[in-house]
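**Q** sequence and predicted structure below; questions after.
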Amino acid sequence: MPVKKDDFILVDYVAKINETGAVFDTTIAEDAKKGGIFKDDTVYEHMFVVVGMGWVLKKLDNSLIGVEVDKKTTIEIPPEDGFGLRDPAKIRTMPVGKFRRQKITPYPGAQIEIDGKPAVIRSVGAGRVQVDFNSPLAGKTLVYDLTVKKIVEDNLEKIKALIHRRISNVNIEKFNLNVAEKEITIEIPEEALYLQGVQSAKRGIASDLQSFLSFEKVVFTEVFTKPSQSPSGEPPKQDGDSAGTQPAP
């Protein structure tokens, strides 16, 4: 079955720089390890995409239409459709003192953020630092070797995929869902409540569910479970409690 616009799909891919063959992104842990880009804090799993929504590069998004499920496909993206051509105006020379004030030690090849913008240091010398604000992928032809693993058709699977897209660090099966015709209630597991940006994620989930699945009302509930008692009958120690402290007289 070929992919159509507005389909919910799960994709695996390995993305490389055409000129060097270097892997810069992938959904597959083994390929990340082989390419030397593996990160312990990254979740490696199928990428979820609603086709035509602009969640990926436009050229890649458009090229997904017509792809067959389980058929390996290679998509090449020229610089102008990827991260743009290199712009000499984005290469600037700055005094080394600017970096010291921001507690940055400049050295060639360092990837930094300065004045709120990501950049790469190209050279350091004579009290001056050359900084490149072009994307590291600017001017590169990108090659995506991808496979559409599944077209998601079940509504409950779609709901779970939309939630997981926004809160990916928590197992989706820990979210309790109560689905009615035009209303959905989502019970957020306690471990998700402490994640940075969770309120913004909830707003995004609500917007997605209303836009893609026509829910009129999205309700979030939060449940805090009382810690179980220890065998001695005393509540377990909380973080910050001092072990071995004698009770006050």
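**A** That came through, no problem.
**Q** return the set of buried residues in the lengthiest helix in the chain.
**A** The longest helix of the chain (DSSP state H) is helix 198-213. Buried residues in helix 198-213, counted by 16 or more other CB atoms under 10 Å: 198, 201, 202, 204, 205, 206, 208, 209, 212, 213. To be clear about C-beta, it is placed using only N, CA and C from the backbone, and glycine gets the same treatment.
**Q** tell me which of those residues is nearest to residue 83?
**A** residue 204 (24.3 Å; CB to CB).
**Q** got the contact list for the closest one?
**A** By CB atoms under 8 Å, 6 or more residues apart in numbering, the residues touching residue 204 are residue 166.
**Q** relative to residue 63, how far out is it?
**A** Residue 204 sits at a distance of 26 Å from residue 63 (criterion: CB to CB, to the nearest Å).
**Q** do the same with residue 224
**A** Residue 224 is 46 Å from residue 63, by CB to CB.
**Q** compare the two (neighbour count), which wins?
**A** Legend: neighbour count by other CB atoms under 10 Å for residue 224 and residue 63, higher for residue 63 (20 against 7).
**Q** spatially nearest residue to the more buried one, not counting backbone neighbours?
**A** residue 75 (4.6 Å; CB to CB, 6 or more residues apart in numbering).
**Q** do the same with residue 202
**A** residue 220 (5.6 Å).
**Q** in the chain, which spans are strands?
**A** For the chain, the strands defined by DSSP state E cover 8-17, 23-26, 47-50, 73-77, 91-95, 111-114, 117-125, 128-132, 142-152, 176-179, 183-188, 217-222.
**Q** who does the last one pair up with?
**A** For strand 217-222, the paired strands and their directions (DSSP bridges) read strand 183-188 (parallel).
**Q** would you mind getting the angle between the strand it pairs with and helix 198-213?
**A** Using axes from the mean of the first three to the mean of the last three CA atoms, to 10 degrees, the direction of strand 183-188 lies 150 degrees away from that of helix 198-213.
**Q** give me the average confidence score over strand 183-188.
**A** For strand 183-188, mean pLDDT is 97.
**Q** equivalent analysis for stretch 135-152, please.
**A** Model confidence over stretch 135-152, given as mean pLDDT, is 97.
**Q** for it, C-alpha coordinates in CSV please.
**A** Only the C-alpha atoms of stretch 135-152 are listed here, as CSV (Å, rounded to 0.1, in the frame of the first residue of the first chain):
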residue,chain,number,x,y,z
SER,A,135,24.3,25.0,9.9
PRO,A,136,26.9,22.2,9.9
LEU,A,137,24.7,20.7,7.2
ALA,A,138,24.5,23.9,5.0
GLY,A,139,25.8,23.3,1.5
LYS,A,140,25.6,19.5,1.9
THR,A,141,23.6,17.0,-0.2
LEU,A,142,21.7,14.8,2.2
VAL,A,143,20.8,11.1,1.6
TYR,A,144,18.0,9.4,3.5
ASP,A,145,17.9,5.6,3.3
LEU,A,146,14.4,4.9,4.7
THR,A,147,11.7,2.3,5.2
VAL,A,148,8.1,3.0,6.0
LYS,A,149,7.4,0.4,8.6
LYS,A,150,3.7,1.0,9.0
ILE,A,151,0.7,3.1,8.1
VAL,A,152,-1.2,3.7,11.3
